[in-house]
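In: no sequence on this one, just coordinates:
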DNA sequence: GTCTATACTCTGATAGAC
DNA sequence: GTCTATCAGAGTATAGAC
């Protein structure tokens, strides 16, 4: 699984052969099939183990009792730190979603990952209390994850066009930890 | 090409077989290979024809003489209208980038698509004149395209979680035509 | 559980007849 | 240009030794 995870993230699921995975893992192809039956099954197992724990951690922030501004800052910081440690994850998930949307939508890890319900309720109650402007909470949630995630999806392009090294890209992303909450909170207060 | 384009967008390049394309196009597999040699070549041709004209149109907005606020609004409107007409395009491009980053980076259509240079210079000169706040222009550009593009990349999830019909998703996206410029301009003026 | 060996089917690509 | 026939390689599956 460790070998397959690395290869799936790097090259994409369909660019990796099962014989290559088995060879680099130092095991026999038949043994791999003994445990996972199919490549698709291996993919699902890996996807779940890659996403699940991260999704749970992120979800716990949005469902905490923190004030709304702090919630946005914590979520952004945590998400970005997580992705700096695994920058290929966004491409992997978006590509997987494109590959087989029906399969992904029903997966527990994905359900946990896209979960705006409690956060949206929090936004509504704040608006009811007159502490923030009344805007569609789902729009704010989508905007937040867009600002956090999309730069990783096009990391290769950003680095290429700006001549960024790996470190410079990371610095660029770190800057966003303050820019993103500023934009979102600005919208809530405008 | 028309048949292949439709299938590539719907199912993803690697989920479509060349025999399926040829069959649905009503031609022989060998004839397809006679013109395109390889599937990869067919993919490149299609990618270019899908992206190039749209990229040129978008670029012309950023390189126009419009004032900065109007530029942001026009760019957002045009981009969103374009994607409403072809919502699978973002997933397709991001997946393609993940599939073979080196190949994509050097393609003309991609160079035209991610092009922030003139826009960034405009932002800098506005900041020099004291008309907007001085922030990293690349950050604003990336934020802008993130807010516009990412919702399309996860369209399937958004529709699933919110029980959106195709029309409701479109209405949700239309709303963003005002939200996105507001966030960006808010950041420039804060 | 782990391995070798093998085979079946589907895919991308090609050679060669017309 | 258009076709048939065929190729090597992929994913999958099985039988059987240890």
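Out: Structure received. These figures come from a predicted structure and were not determined experimentally.
In: my guess is residue A:20 meets residue A:6, correct?
Out: No. Taking contacts as C-beta atoms under 8 Å, residue A:20 lies outside contact range of residue A:6: 11.4 Å. The C-beta positions use only the backbone N, C-alpha and C, and glycine is treated the same way.
In: Return the residues of chain A in contact with DNA strand C.
Out: When proximity is defined by C-beta under 7 Å from any atom of the strand, chain A lies next to DNA strand C at A:27-31, A:34-35.
In: what residues are up against residue A:175?
Out: Listed by C-beta atoms under 8 Å, 6 or more residues apart in numbering or on different chains, the contact set of residue A:175 reads B:136, B:139.
In: Going by secondary structure, it is in what exactly?
Out: Residue A:175 belongs to helix A:166-189 when assigned by DSSP states H and E.
In: Mind listing what's buried along that helix?
Out: Neighbour-count burial for helix A:166-189, counted by 16 or more other C-beta atoms under 10 Å in any protein chain shown, picks out A:169, A:172-173, A:176-177, A:179-188.
In: Can you pull the domain assignment for chain A?
Out: A:1-37, A:46-189 (automatic domain parsing).
In: Stretch A:5-15 near chain B anywhere?
Out: Yes. Counting by C-beta under 8 Å from any C-beta of the partner chain, chain B is contacted by stretch A:5-15 at A:12, A:14-15.
In: among these, who's most crowded?
Out: residue A:12 (21 neighbours; other C-beta atoms under 10 Å in any protein chain shown).
In: Widest-spaced pair of the buried residues of helix A:166-189?
Out: A:169 and A:188 (29.0 Å; C-beta to C-beta).
In: My read is that residue A:104 contacts residue A:96, right?
Out: Yes. Contact criterion C-beta under 8 Å: residue A:104 and residue A:96 qualify, at 5.9 Å.
In: quick one, which of the two is more surrounded?
Out: Taking neighbours as other C-beta under 10 Å, residue A:104 and residue A:96 compare with residue A:96 leading, 25 against 22.
In: can you map out the helices along chain A?
Out: Applying DSSP state H to chain A gives helices spanning A:2-11, A:18-25, A:29-36, A:39-62, A:68-84, A:89-99, A:101-105, A:108-113, A:117-128, A:137-153, A:155-162, A:166-189.
In: would a markdown table of those with mean pLDDT be doable?
Out: Output for these, formatted as a markdown table (pLDDT from 0 to 100):
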| stretch | mean pLDDT |
| --- | --- |
| helix A:2-11 | 97 |
| helix A:18-25 | 96 |
| helix A:29-36 | 95 |
| helix A:39-62 | 97 |
| helix A:68-84 | 98 |
| helix A:89-99 | 98 |
| helix A:101-105 | 95 |
| helix A:108-113 | 96 |
| helix A:117-128 | 98 |
| helix A:137-153 | 98 |
| helix A:155-162 | 98 |
| helix A:166-189 | 98 |
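In: quick one, which of the ones you listed is nearest to residue B:100?
Out: helix A:2-11 (9.0 Å).
In: Quick one: residues in contact with the closest one.
Out: A:16, A:20-21, A:24-25, A:42-43, A:46, A:49-50, A:86, A:88-89, A:92.
In: In it, which residues are buried?
Out: For helix A:2-11, by 16+ other C-beta under 10 Å, it's A:3-9.
In: roughly how far out does that helix sit from the chain middle?
Out: Distance of helix A:2-11 from the chain centroid (C-alpha atoms, centre = their mean, to the nearest Å) equals 17 Å.
In: does it come close to DNA strand D?
Out: No. Using C-beta under 7 Å from any atom of the strand, helix A:2-11 never reaches DNA strand D; the gap is at least 10.4 Å.
In: what's the answer for stretch A:14-25, then?
Out: Yes. Contact between stretch A:14-25 and DNA strand D is present through A:16-20 (criterion: C-beta under 7 Å from any atom of the strand).
In: quick one on the thing from earlier: of the domains of chain A, flag the one that's most buried.
Out: Burial of those is given as mean neighbour count (mean count of other C-beta atoms under 10 Å in any protein chain shown); domain A:46-189 ranks first at a mean of 18.
In: Can you give me the end-to-end span of it?
Out: 41 Å (C-alpha to C-alpha, to the nearest Å).
In: One more: stretch A:55-74?
Out: 14 Å.
In: Quick one: residues in contact with it.
Out: Against stretch A:55-74 from outside (C-beta under 8 Å, 6+ apart): A:75, A:78-79, A:82, A:109-110, A:112-113, A:115-116, A:118-119, A:122-123, A:126, A:131-132, A:144, A:181, A:184-185, A:188.
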